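**Student:** Quick one, what's the 3D model for this:
(one chain, ligands or ions: 2)
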Amino acid sequence: MNENKKENRQEIEEFETREWLESLEFVLRNGGPERVKQLLHDLDTYAHEAGVELPFTANTPYVNTIPKDQEPKFPGGREIERRIKSLVRWNAMAMVVRANKLDPGIGGHISTYASAATLYEIGFNHFFKGKDNNNQGDQIYFQGHASPGIYARAYLEGRLDAKKLHNFRHELAKGGGLSSYPHPHLMPEFWEFPTVSMGLGPIMAIYQARFNKYLENRGLKSQSDSKVWAFLGDGETDEPETLGAISLAAREQLDNLIFVINCNLQRLDGPVRGNSKIIQELEAVFKGAGWNVIKVVWGSDWDPLLEADKSGMLTRRMNELIDGESQKYIVEGGDYIREHFFGKYPELLELAKQHTDEDLERMKRGGHDPEKVYAAYKAAVNTKGRPTVILAKTVKGYGLGEAGEGKNITHSQKKLNEEELKEFRSRFGIPISDEDVVKAPFYKPEEDSPEITYLKKRRQELGGYVPKRIVRNQKIHTPSEDLFKEFYEGTDGREVSTTMVYVRILTKLLKDKEIGKLIVPIVPDEARTFGMEALFRQIGIYSSRGQLYEPVDRDSLLYYKEAKNGQILEEGITEAGSMSSFIAAGTAYASHGINTIPFFTFYSMFGFQRIGDFAWAAADMKCKGFLIGGTAGRTTLAGEGLQHQDGHSHVLAHSITTVKAYDPAFAYELAIIIRDGIHRMYELQEDCYYYITVMNENYAMPKMPEGVKEGVIKGMYKYKTSESKSKLKAHLLGSGSILNETLKAQEILAKDYSVSADVWSVTSYKNIHYDALEVDRWNRLNPDKKQKKSYVQEVTEGEKGVFVSASDYTQILSESISKWLPGKLTSLGTLGFGRSESREALRDFFEVDAKHIAYTTLYALYEEGKIDKEMIKKAMKDLKINPDKLNPIKS
Ligand SMILES: Cc1ncc(C[n+]2csc(CCOP(=O)(O)OP(=O)(O)O)c2C)c(N)n1
Ligand SMILES: [Mg+2]
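**Tutor:** Ligands and ions are numbered 1, 2, ... in the order given. The predicted model follows:
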């Protein structure tokens with residue numbers, strides 16, 4: 001094609017495009033959006049039939065979803081809200097800068113909030129509902145790194161004083177400080193949801209919104225128009241947890257859920273998607289999942305340009321833009337924008353002619369424009385039948401200017417020099433003198449100033465301040481001992497597993513008049529593994545749609561029953577999702593004043609190991625309930641091998657101070673622990689949750705001996721004193737089903753080696769260890785007072801002989817209590833990788849079976865000089881201990 005022809009062609013195409021667009025505009029004006037949709041659909045079909053395939057795209061153009069003419073009228077005072085926002089910005093910045101001046105390296109974040117200020121302020125002034133007057137209120141997951149802005153607002157509201165702000169990140173200072181991020185554990189009257197481990201907030205918000213509907217559908221809570229808001233970073237969407245459950249939110253039609261993604265295009269190290277566009281990527285993902293997507297890309301100053309753009313070139317240029325370029329425009333300024341953005345096409349240069357470079361530089365992104373953000377929120381709260389995500393384009397470090405606006409270092413910026421402070425002050429019009437500005441003082445106008453009056457009034461009208469954690473549940477009565485009696489009686493020789501006992505306890509609790517309806521059984525597709533399938537029919541599986549099909553097993557007694565008021569949360573294969581439900585149910589006592597009691601039952605290896613970060617967040621949130629680790633124990637779960645056999649979840653649970661962890665052996669122990677758990681958490685209102693491992697080995701459950709309840713709860717008690725009166729004395733500590741191995745060892749030792757060994761059941765090394773640490777500490781700090789004894793010291797006082805422990809968990813658990821025992825402890829456990837093998841072979845391999853326990857006891861006595869070498873050698877032979885066997889720790 002020669003140059004002339006090419007130009008000609010181009011002209012024709014431009015003319016053609018213009019004509020088509022004008023026709024479309026005509027149709028839109030006369031026939032409305034529905035007619036346009038129909039026409040485009042027909043065109044698509046026609047093109048398809050003519051062999052023209054349109055590439056699949058879930059994207060709309062890179063412009064605002066809500067066109068200018070559909071924006072609602074902004075009901076607020078633009079100017080006063082801008083002034084309030086500036087004050088919050090200043091104080092948030094000052095808080096971080098001061099903290100770092102005082103204590104370099106203490107950290108803090110300016111840039112996240114700086115980018116999100118408008119997103120929050122529109123929420124605070126117009127949408128977020130509080131819980132005053134017993135309103136249900138909204139549940140708001142604030143982005144963790146934006147906490148300085150949330151504190152700064154609470155300061156203006158008069159909820160936090162300057163001293164508290166001064167002690168941001170100095171929580172141990174006199175009078176207390178402010179926690180770095182949202183932590184209910186540290187600020188229980190302020191924060192509700194811990195969000196700073198990225199990805200946890202969004203998925204917890206999804207399951208929270210679903211749980212709210214569950215409560216409504218089950219009649220436990222009245223219907224409300226409360227919303228769950230989750231504010232998150234664009235970089236945060238890389239976390240698998242963030243996007244991992246979004247299809248559930250759409251499937252469940254969670255129109256009570258709103259995600260606001262602050263697309264400042266940057267994460268910590270640099271751009272989120274320098275080479276493409278994060279907003280477009282997320283639009284496609286959320287749309288594909290069935291969400292209502294609202295893009296807020298451009299501020300109002302772009303509207304006249306878009307309107308004047310008859311050729312569609314501006315939209316085309318916007319579509320071409322990539323995030324790396326957008327970021328560069330912020331740093332470079334107006335002339336650069338003119339040259340590189342508008343300069344690409346002569347039409348656009350022409351379009352921008354009316355604007356000075358300063359104008360171009362000042363043209364806002366959508367997320368900084370209150371009217372655009374208001375329009376998006378308004379549309380979101382009115383959306384029915386699906387969740388909404390708002391993708392708001394912002395600038396990281398907005399307003400920091402040279403100090404870090406849009407720069408790659410901005411995330412970690414926490415110091416501003418004098419010039420930068422002055423610039424910030426002037427830009428946001430804070431009345432602080434040049435002289436004072438270097439000290440970055442906090443600034444709050446008088447109580448009766450228009451700003452404070454406006455802000456307080458708005459919050460009053462919206463139901464009070466947020467965030468605010470309010471606990472408003474009533475305590476419940478622990479079910480009576482009658483319910484548990486059958487478990488104290490034993491099984492009369494019938495062989496059952498602790499898993500079966502657990503399911504029976506759960507079934508009985510579900511039938512209890514007072515608490516039955518409050519129980520929330522949660523399973524990630526493992527109900528049949530644990531023998532819980534009878535519950536399907538009995539209490540139903542929750543489904544917001546009921547059951548629209550006839551289940552294949554309808555004729556059977558235990559059919560798969562889904563129901564709108566179903567009680568079980570059958571989550572499918574998602575431990576993260578199930579744990580999020582557990583957290584929603586276990587914190588409902590606070591968020592809704594409803595004492596739901598979750599029992600989340602899972603494969604123990606896929607619990608703490610898989611979702612440990614959630615377990616930590618649950619404790620931070622003061623969550624209650626029972627985590628039940630099923631098929632537990634590295635040697636008790638036979639056959640499944642390395643990836644399934646759990647021998648360390650109790651070690652992981654040990655690290656969370658408020659978790660009560662138990663590894664019970666017998667039916668009565670389990671019953672005592674669960675009853676005590678309900679009592680502590682829901683009657684005494686202690687902030688803790690339980691982790692209990694249950695195993696699948698069947699054996700006869702003994703009758704509860706007299707006077708053991710306290711020991712079961714505290715963590716250990718003597719279960720069986722040896723009948724032998726031999727001087728060779730030993731104590732065998734056993735837990736879980738390995739307790740049976742210690743009982744067998746006790747017999748071997750008495751019969752064949754004249755050793756008198758007492759057997760202790762240890763239900764919780766964690767409890768014993770924590771108690772001993774606490775007593776030691778008290779003694780250390782109170783040398784003048786009468787020194788105390790820890791529980792383990794009390795119960796073992798005066799016991800002679802050696803101690804040998806064995807459990808299906810790693811050695812470190814029992815070793816944690818060794819220094820408080822009156823004799824030397826040798827610990828047997830299951831450190832190492834699991835194997836696919838029989839239970840018997842596994843116990844031999846890990847050296848936790850009866851013969852290894854007996855042999856180890858004899859060796860310990862030999863070490864003490866109580867028996868001679870010959871006897872040891874003979875025992876080794878008789879007990880068939882192979883010294884050359886594989887070392888489980890190294891193989
Ligand atoms: C699980 C987890 N990994 C890493 C971090 C450390 N971290 C804190 S903020 C941040 C970047 C956040 O970027 P983005 O989500 O885009 O938020 P922005 O600050 O830009 O709003 C990182 C990596 C964290 N808090 N949590
Ligand atoms: Mg970001």
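**Student:** If residue 598 is in a bridge, with which residues?
**Tutor:** Beta-bridge partners of residue 598, counted by DSSP bridges, are residue 520.
**Student:** likewise the one 5 residues further on?
**Tutor:** The residues listed as beta-bridge partners of residue 603 by DSSP bridges are residue 630.
**Student:** That one and residue 529 touch, don't they?
**Tutor:** Yes. Under the criterion of Cβ atoms under 8 Å, residue 603 makes contact with residue 529 at 7.1 Å. Where C-beta positions appear, they are placed from N, C-alpha and C, glycine not excepted.
**Student:** out of these two, which sits in the more crowded spot?
**Tutor:** Taking other Cβ atoms under 10 Å, residue 603 and residue 529 do not tie; residue 603 has more neighbours (21 against 16).
**Student:** shared neighbours of residue 603 and residue 529, anything?
**Tutor:** Listed as contacting both residue 603 and residue 529 by Cβ atoms under 8 Å, 6 or more residues apart in numbering are 630-631.
**Student:** Contact partners for the closest residue to ligand 1 within the stretch 101-250 of the chain?
**Tutor:** Across the stretch 101-250 of the chain, the shortest distance to ligand 1 (Cβ to the nearest ligand atom) belongs to residue 233, at 2.0 Å. Contacts for residue 233 were tallied using Cβ under 8 Å, 6+ apart; they are 112, 143, 145, 198, 261-262, 264, 267.
**Student:** do residue 687 as well
**Tutor:** 622, 624, 658.
**Student:** now do residue 420
**Tutor:** Residue 420 sits next to 400-403 when contact means Cβ under 8 Å, 6+ apart.
**Student:** swap the cut-off to 10 Å and go again
**Tutor:** Under the criterion of Cβ atoms under 10 Å, 6 or more residues apart in numbering, the neighbours of residue 420 are 93, 97, 400-404, 413, 437.
**Student:** picking up where we left off before, filter the contacts of residue 687 down to just the buried residues.
**Tutor:** 622, 624 (16 or more other Cβ atoms under 10 Å).
**Student:** from the contacts of residue 687, which ones fall inside strands?
**Tutor:** Judged by DSSP state E, strands contain none of the contacts of residue 687.
**Student:** thinking again about what came up before, tabulate the contacts of residue 420 (CSV), appending secondary structure, neighbour count and pLDDT.
**Tutor:** Below are the contacts of residue 420 laid out as CSV (DSSP: H, G, I helix; E, B strand; the rest coil; neighbours: other Cβ atoms under 10 Å; pLDDT from 0 to 100):
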residue, secondary structure, neighbour count, pLDDT
93, helix, 30, 96
97, helix, 23, 94
400, coil, 25, 91
401, helix, 16, 86
402, helix, 12, 86
403, helix, 23, 84
404, coil, 24, 85
413, coil, 23, 88
437, helix, 21, 95
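**Student:** Can you tell me the element the residue of the stretch 451-600 of the chain found nearest ligand 1 falls in?
**Tutor:** Of all residues in the stretch 451-600 of the chain, the one sitting closest to ligand 1 is residue 576 (12.8 Å; Cβ to the nearest ligand atom). Here residue 576, judged by DSSP states H and E, is contained in helix 575-586.
**Student:** average pLDDT across that helix?
**Tutor:** Averaged across helix 575-586, pLDDT comes to 98.
**Student:** For it, list every residue counted as buried.
**Tutor:** 575-586.
**Student:** helix, strand or coil for residue 691?
**Tutor:** Recorded secondary structure, residue 691: strand (DSSP: H, G, I helix; E, B strand; the rest coil).
**Student:** if I pick residue 193, what's in contact with it?
**Tutor:** Contacts for residue 193 (Cβ under 10 Å, 6+ apart) come out as 139-142, 144, 182-184, 200-201, 204-205, 208, 228, 230, 467, 469, 583, 587, 591, 617, 620-621.
**Student:** Same check on residue 245?
**Tutor:** Counting by Cβ under 10 Å, 6+ apart, residue 245 has contacts 202-207, 210, 251-252, 289, 571, 574, 576-577, 580.
**Student:** just residue 38 next, same as before
**Tutor:** Contacts for residue 38 (Cβ under 10 Å, 6+ apart) come out as 27, 31.
**Student:** any idea how far whatever residue of the stretch 251-400 of the chain ends up closest to ligand 2 lies from residue 388?
**Tutor:** The minimum distance from the stretch 251-400 of the chain to ligand 2, using Cβ to the ion, falls at residue 264 (4.4 Å). From residue 264 across to residue 388, the span is 20 Å (Cβ to Cβ, to the nearest Å).
**Student:** which one of the two has more residues nearby?
**Tutor:** Higher neighbour count among residue 264 and residue 388: residue 264, with 32 against 24, using other Cβ under 10 Å.
**Student:** The more buried one contacts residue 410, correct?
**Tutor:** Yes. With contacts counted by Cβ atoms under 10 Å, residue 264 reaches residue 410, the gap being 9.0 Å.
**Student:** coming back round to it: quick check, nearest of the contacts of residue 233 to residue 845?
**Tutor:** Among the contacts of residue 233, residue 198 lies closest to residue 845 (Cβ to Cβ), at 40.2 Å.
**Student:** roughly how far apart are the residue nearest to residue 766 when sequence neighbours are not counted and residue 627?
**Tutor:** In this structure, residue 766 finds its nearest non-sequential neighbour in residue 661, 4.5 Å apart by Cβ to Cβ, 6 or more residues apart in numbering. For residue 661, the distance to residue 627 equals 9 Å [Cβ to Cβ].
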